[in-house]
Structure formats: structure tokens, C-alpha cells
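Visitor: Okay, sequence plus prediction incoming.
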Amino acid sequence: MFGARDSGDTSGFGGLVSAAYSPAPSERPYGGWFDEVADELAAALGRRGVPASAVYQTTVAHREITFYVAREHLTGVLWALRDEPQLRFELCSSISGVDYGEGVPQRLHSVYHLTSMTWRRRVRLEVCVDVSDPHLPSAVEMYPTADWQEREAYDMFGLIYDGHPALTRILMPDDWEGHPQRKDYPLGGIPVEYKGAEVPPPDQRRAYT
């Protein structure tokens, strides 16, 4: 529709269908400093009384390490990553959402990028939830930067961060219905209430050639 001939669809109109997302756990050794961080995190959780099952999968891909965290233990994992001297991930640089669409168990993911300015390292966390129960703990108490980041993920994906001081929409009007970055949200035909206009569906838009 937008003139692309040999690359991925950018609008969803082209009917591009990708395989369901299924991250595979990585085998040890992970390489570089990843093993050190994984071991330090496991030890820290043990000292804090957080069960080892809190981090139920570790995946290394694209030169990043991702810890998949059970939502009921997210708070304990974040405290350990922030405060333990050998970890010291002092900055939450990003919280975002992902919707992997129908057919994926727990299709909504909340993704965290944590940065250690002390050790010059970066890790990712992912917490997976169901559309029918999109609740998870807020990270604002540990990382104040999470405030507006969680509001955006709530607004766009409908992730509900329990304990957030003011979980309201940040991009859409307060009375907007739905969450625009979910995969089941229409690509067009949405009334733009405050302008009296409408965004047409993709198959009714002009082709850019």
C-alpha cells in the first residue's frame, strides 16, 4: 500500500502474518557478563526470600539478556536489581507494552529496560499477562521514571499497574474507548470525536507510489 515491494508490511493492511511469538530459553553459558548478572541475581533473590521461580526463563538474543519474571514477584526482583551492590541497575530507562495477538498465551507483555550506570550494563525484563487479567505491580516506588512510562503502556495496551499513584491516560482523551496498540484494535474507521473527522480504513486510503 505504501510502495514497499520486498520488505515487511508497515500498516497491517498487506496481510503479513508472522508465526506466534515463542521465545526459547537460552543455555548456559550465556557469554560475557550475562552469566555474572544471572548468578548475582539468583543469589540476591535467595538472600531476600524471593523464590527461584520468580525468574522462570532467561533468553539471550540480539546481544541482550532478558529475564522473564512472574508478575507476583516483579517487585522483589526490581528491588534486588536496583539495590544489590553487584547489580546496581539504578535507572529504569524504559517501560513499554507488547501485544503478540491472538493464539499466544498471555499475549500482553510489559517490557522493562534497566540500566546500571555503575557497571555500564543493560538488562531486559518481561512480565506476561492475560488480556482478561492485565494487572501487574507498579514500579514507581522503585523507579520514579516509571510514572509516565506505565501511564503510556496503560493507555496504549491496557496494562494495569496496581499501586501506580495516578494511572490515567496520557496520549488519548480520558473518555477514549479501547487501547490503540492492541492487535485487536481496528486499523481505521475510528471516529476522531474532537474534530468531527474519521480515519478511513487502510483499504480506503490513498496509495502512496
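Guide: That came through, no problem.

Visitor: just the strands in this protein please.
Guide: Taking DSSP state E to define them, one finds strands in the chain at 55-61, 64-69, 91-99, 108-116, 121-129, 135-137, 160-162, 190-192, 197-199.

Visitor: Make a markdown table out of these and add mean pLDDT.
Guide: Shown next, in a markdown table, are these (pLDDT from 0 to 100):
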| stretch | mean pLDDT |
| --- | --- |
| strand 55-61 | 96 |
| strand 64-69 | 97 |
| strand 91-99 | 96 |
| strand 108-116 | 97 |
| strand 121-129 | 97 |
| strand 135-137 | 98 |
| strand 160-162 | 98 |
| strand 190-192 | 62 |
| strand 197-199 | 67 |
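
Visitor: Where in the chain is the helix or strand with the lowest mean pLDDT?
Guide: Sorting the helices and strands of the chain by mean pLDDT, DSSP states H and E puts strand 190-192 at the bottom, at a mean of 62.

Visitor: Longest helix in this structure, please.
Guide: Longest helix in the chain, counting residues (DSSP state H): helix 34-47.

Visitor: tell me which strands and helices that helix is in contact with?
Guide: strand 55-61, strand 64-69, helix 74-83 (3 or more C-beta pairs under 8 Å, 6 or more residues apart in numbering; DSSP states H and E). Bear in mind the C-beta positions are built from the backbone N, C-alpha and C, glycine included.

Visitor: next one: it to chain centre, how far?
Guide: Offset of helix 34-47 from its chain centre (C-alpha atoms, centre = their mean, to the nearest Å): 22 Å.

Visitor: Only the buried residues of that helix, if you could.
Guide: For helix 34-47, a neighbour-count test (16 or more other C-beta atoms under 10 Å) marks Phe34, Val37, Ala38, Glu40, Leu41, Ala44, Leu45 as buried.

Visitor: Next: stretch 75-84.
Guide: Buried, per 16+ other C-beta under 10 Å, within stretch 75-84: Thr75, Gly76, Val77, Leu78, Trp79, Ala80, Leu81, Arg82, Glu84.

Visitor: I'd like to know how many residues surround Glu102.
Guide: 10 (other C-beta atoms under 10 Å).
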